[in-house]
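> Output the structure for:
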Amino acid sequence: MSSRPRVGAASTPAPGKLSLPELGEMKRRGDKLTMVTAYDAPSARLADEAGVELILVGDTAAMVMLGHDSTLPVTLDEMLFLTRAVTRSARRPLVVGDLPFGSYEISDEQAVGSAIRMVKEGGADLVKLEGAGRMASRVRAIADSNIAVVGHVGLTPQSATRLGGFRAQGRSAESALALLDAARSLEQAGAVAIVLEAVPAPVAAAITERLDVPTIGIGAGEACDGQVLVWHDLLGLYAGATPRFVRRYAELALEIADALGRYVADVRSGSFPEPRHTYAIADEELARFAAALASAPRQ
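Next up is the predicted model:
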């Protein structure tokens, strides 16, 4: 197991901001970490006020914000735009910028370049990338460039086609051991935390126990050091089926649809706006305005 968690230039805390050592201390104390995705300044502010430790500007933005069918089409420039919006409002949480598909796979040099942009242009405190194997080399290169990295194993959406679709991973003894080896390789390469997605709970518990760095689960059981959910999933911001690991804490899509429907109806009926929603003009000024209109030629 790694004895050298990386604290890069991007993780230097601002006043009041959490630090990477604090996340490690939370793991050692058994205090649970909370992470949510966010993609804009208002969401980041609300997440900050709620007390989350980590905000992930995830490549899920491709689907929930940009209307794509998968995470693959989102570009690094688009992710930078969203990350900048989040970092403007997130004061206490550490912001994790997700490196999108195509921004780190080609070479270590490409990965470092993308990570540098995420920190310098996006303002991220950490970056995240998916996969192990040769991706451990990418993690090591980024960490050696003094940037903190979060790894991601299990169901990795950017490679879902190769994995046979969006399905749980580590459900055989062999694949469970492979996941443990993958997580260990990322830790040894310098990752400061590992996301475990769609992994059987006992497997995730064993991985969590054997790593020094925190694990953050999504569909990986309660034994992980922390949990992450997608903003739109937990708030119920769209209709339709959600993954089995999602708990909806609100049904905001229904409330928003109802509010918009009432707004449309009020405008069409003339009940909005009311006088209290408008601005006044002094009687004498209105009289002068009317006189000017009367004397001016009609265009």
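
> for R268, helix, strand, or coil?
Following DSSP: H, G, I helix; E, B strand; the rest coil, R268 is assigned to helix.

> State the next helix or strand along the chain beyond the worst-scoring helix or strand of the chain on mean pLDDT.
In the chain, the helix or strand scored least confidently by mean pLDDT, DSSP states H and E is helix 160-163, which has a mean of 54. Downstream of helix 160-163, the first helix or strand assigned by DSSP states H and E is helix 173-189.

> I'd like the average pLDDT over that next one.
For helix 173-189, mean pLDDT is 97.

> which of the residues in that helix are buried?
Across helix 173-189, burial judged by 16 or more other Cβ atoms under 10 Å covers S175, A176, A178, L179, L180, A182, A183, R184, S185, L186, E187, A189. Backbone N, C-alpha and C define where each C-beta goes, glycine included.

> list the helices and strands it packs on?
helix 135-144, strand 148-154, strand 193-197, helix 201-210 (3 or more Cβ pairs under 8 Å, 6 or more residues apart in numbering; DSSP states H and E).

> those strands in the chain, which residues are they?
Taking DSSP state E as the test, the strands found in the chain are 33-37, 54-57, 94-98, 126-128, 148-154, 193-197, 215-218, 226-229.

> export those to a markdown table and tack on distance to V264?
Listed next are these as a markdown table, based on distance: least, Cβ to Cβ, whole Å:
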| stretch | distance to V264 |
| --- | --- |
| strand 33-37 | 30 |
| strand 54-57 | 33 |
| strand 94-98 | 36 |
| strand 126-128 | 40 |
| strand 148-154 | 42 |
| strand 193-197 | 39 |
| strand 215-218 | 37 |
| strand 226-229 | 31 |
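
> now those strands as TSV including mean pLDDT and mean neighbour count?
Below are these laid out as TSV (pLDDT from 0 to 100; neighbours: other Cβ atoms under 10 Å):
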stretch	mean pLDDT	mean neighbour count
strand 33-37	98	23
strand 54-57	98	29
strand 94-98	98	28
strand 126-128	98	27
strand 148-154	97	27
strand 193-197	97	28
strand 215-218	97	28
strand 226-229	97	22
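
> Quick check, A136 in contact with S185.
Yes - using Cβ atoms under 8 Å, A136 is in contact with S185, at 4.5 Å.

> P42 contacts A90, doesn't it?
No - look at P42 against A90 with Cβ under 8 Å: they stay out of range, at 11.3 Å.

> low-scoring stretches of this protein, by residue?
1-15, 159-166, 239-240, 299 (pLDDT under 70).

> Mind splitting it into its structural domains?
9-250, 254-295 (automatic domain parsing).
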